[in-house]
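> compute the structure for the input listed below.
(one chain, ligands or ions: 1)
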Amino acid sequence: MASSTTPRPVLKQPVKLACVQLASGSDKTANLEHAADKVREAATTGAKIVVLPECFNSPYGCEHFPSYAETLLPSPPTPSQSPSFHALSAMARDNKVYLIGGSIPEQVNTTTAAADGDDKKTSYYNTSLIFSPTGALLATHRKVHLFDISIPGKITFRESDVLSPGNKLTLVDLPEYGSVAVAICYDVRFPELATIAARKGCFALVYPGAFNLTTGPLHWRLLGQARAVDNQLYVALCSPARDMSAGYHAWGHSLVVDPMAQVMVEAGEREEVVVAELDGDRIEEARKGIPLRDQRRFDVYPDVSQGNVNFEEP
Ligand SMILES: NC(=O)CCC(=O)C(=O)O
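Here you go, the predicted model:
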């Protein structure tokens, strides 16, 4: 028994998407100013969706998360609580673009009453902020799958030593175009998240990321193409530029993949803006030619998009 779950159309009109492969350093104010320049440059190409990389306002590393973290709640935060929130909002508004604002370290302070007094706790998240062309916050995504890996002799990284994971999937409605799913870097390794988003009707999966020099050459492009071919939609991966003087060496190679899994554009290692035009017809062509959506066998295996899926932070 075949089944069809993907609503259509998923992309209402063609749209240019730009990935800004940004060079960032240790000075947050300078990083925000530089990001603003590059978003302006991206917008001059006609891009209406602009993507920044993971941890675009700071160096990437567990030792840096607490010192660069900003408080986002209650929303909107004040400029002193979150300069990055206000800088991103202005970048989106000034350039009239949808801005998928990479990610920043977020700090959440909670106080719970306990029998022996208040219990105060500070948590950190790796959080993406998404803004509309008017500068309004549309959504936030906290990285769901934390980057904990250990490849002997190559790389050990444990985000969970410092960060807490997010607990929801993030679909963002861009009214003129349709919806995109936003997730962060290591999240791309989890096909369930992508498949659920695709079956909810998004036209693109967008991942601010920062792969490294061990897994980058092996998996970065492969994962972008895998998520695209599985789900027959566009995938964008946006990395920081490589900086060999930093503690973490990002792979670079920001790219956009089409619904047939062809790489449309790919950056090198350095700072660069890559732009691709996304067209709903290409999604339809891929889905018509290889009609996976009508051939799924939910009588044999379950539909992961049904049932208990979180779209709101509990
Ligand atoms: N920042 C990240 O989540 C890095 C993920 C990564 O490099 C990987 O191999 O996965």
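
> quick check: can you name the pairing partners of the helix or strand hosting residue 125 and their directions?
Secondary structure from DSSP states H and E places residue 125 in strand 117-131. Strand 117-131 has the following strand partners under DSSP bridges: strand 98-100 (antiparallel), strand 104-114 (antiparallel), strand 137-142 (antiparallel).

> let me know whether that strand sits next to the ligand.
No - between strand 117-131 and the ligand, judged by Cβ under 6 Å from any ligand atom, nothing touches; the nearest distance is 7.9 Å. Backbone N, C-alpha and C define where each C-beta goes, glycine included.

> one step back: of the strands paired with strand 117-131, flag the one that's most buried.
strand 98-100 (a mean of 27; mean count of other Cβ atoms under 10 Å).

> list the contacts of that one.
39, 48-52, 88, 91-92, 128, 130-133, 138, 174, 180, 182, 206, 208, 238 (Cβ atoms under 8 Å, 6 or more residues apart in numbering).

> now do stretch 220-234
Residues contacting stretch 220-234 (Cβ under 8 Å, 6+ apart): 10, 17, 188-189, 191, 194-195, 197-198, 202-205, 207, 209, 211, 235, 237, 239, 251, 253, 255-261, 263, 266, 276, 278, 283, 286-287, 290, 292-293.

> please narrow those to those residing in strands.
17, 204-205, 207, 235, 237, 255-257, 263, 266, 276, 278 (DSSP state E).

> out of the residues you listed, who's nearest the ligand?
residue 207 (9.3 Å; Cβ to the nearest ligand atom).

> from residue 141, how far off is the closest one?
In this view, residue 207 and residue 141 are 10 Å apart by Cβ to Cβ, to the nearest Å.

> hey, what's in contact with both of these two?
With Cβ under 8 Å, 6+ apart as the test, residue 207 and residue 141 both reach 182, 183, 184.

> of those residues, which is the nearest to residue 71?
For the shared contacts of residue 207 and residue 141, the minimum distance to residue 71 (Cβ to Cβ) is 19.0 Å, reached by residue 184.

> these two touch, right, that closest one and residue 103?
Yes - with contact defined as Cβ atoms under 8 Å, residue 184 counts as touching residue 103 (5.3 Å).

> what do those two both touch?
Shared contacts of residue 184 and residue 103 (Cβ under 8 Å, 6+ apart): 54, 126, 128, 143, 208.

> got the residues you listed as TSV, with pLDDT columns?
Formatted as TSV, those follow (pLDDT from 0 to 100):
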residue	pLDDT
54	98
126	98
128	98
143	98
208	98
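
> list buried residues within those residues.
54, 126, 128, 143, 208 (16 or more other Cβ atoms under 10 Å).

> where does the spatially most central residue of the chain land on pLDDT?
For the chain, the residue nearest the mean C-alpha position is residue 207 (3.2 Å; Cα atoms, centre = their mean). Note on residue 207: pLDDT of 98.

> which ones are touching it?
Counting by Cβ under 8 Å, 6+ apart, residue 207 touches 182, 183, 184, 185, 187, 188, 224, 235, 236, 237, 238.

> again, but for residue 151
Applying Cβ under 8 Å, 6+ apart, the residues contacting residue 151 are 214, 215.

> tell me, how many residues neighbour residue 257?
27 (other Cβ atoms under 10 Å).

> ranking the ones in strands among the contacts of stretch 220-234 by neighbours, who comes first?
Highest neighbour count within the ones in strands among the contacts of stretch 220-234, by other Cβ under 10 Å: residue 204, with 31 neighbours.

> ok so, going back, now the angle between strand 204-208 and the strand holding residue 125, please.
120 degrees (axes from the mean of the first three to the mean of the last three Cα atoms, to 10 degrees).

> show me the helices in the protein, by range?
28-44, 65-68, 83-95, 191-199, 215, 221-231, 280-289 (DSSP state H).

> what bits of the chain have low per-residue confidence?
Along the chain, the model assigns pLDDT under 70 to residues 1-9, 314.

> how about the residues of it by the ligand?
Proximity of the chain to the ligand, by Cβ under 6 Å from any ligand atom, involves residues 54, 147, 185, 186, 189, 210, 211, 212, 215, 219.

> need the contact list for the residue lying closest to residue 274 once chain neighbours are set aside.
Nearest residue to residue 274, sequence neighbours excluded (Cβ to Cβ, 6 or more residues apart in numbering): residue 265, at 4.2 Å. Residues in contact with residue 265, defined by Cβ under 8 Å, 6+ apart, are 255, 256, 274, 275, 276.
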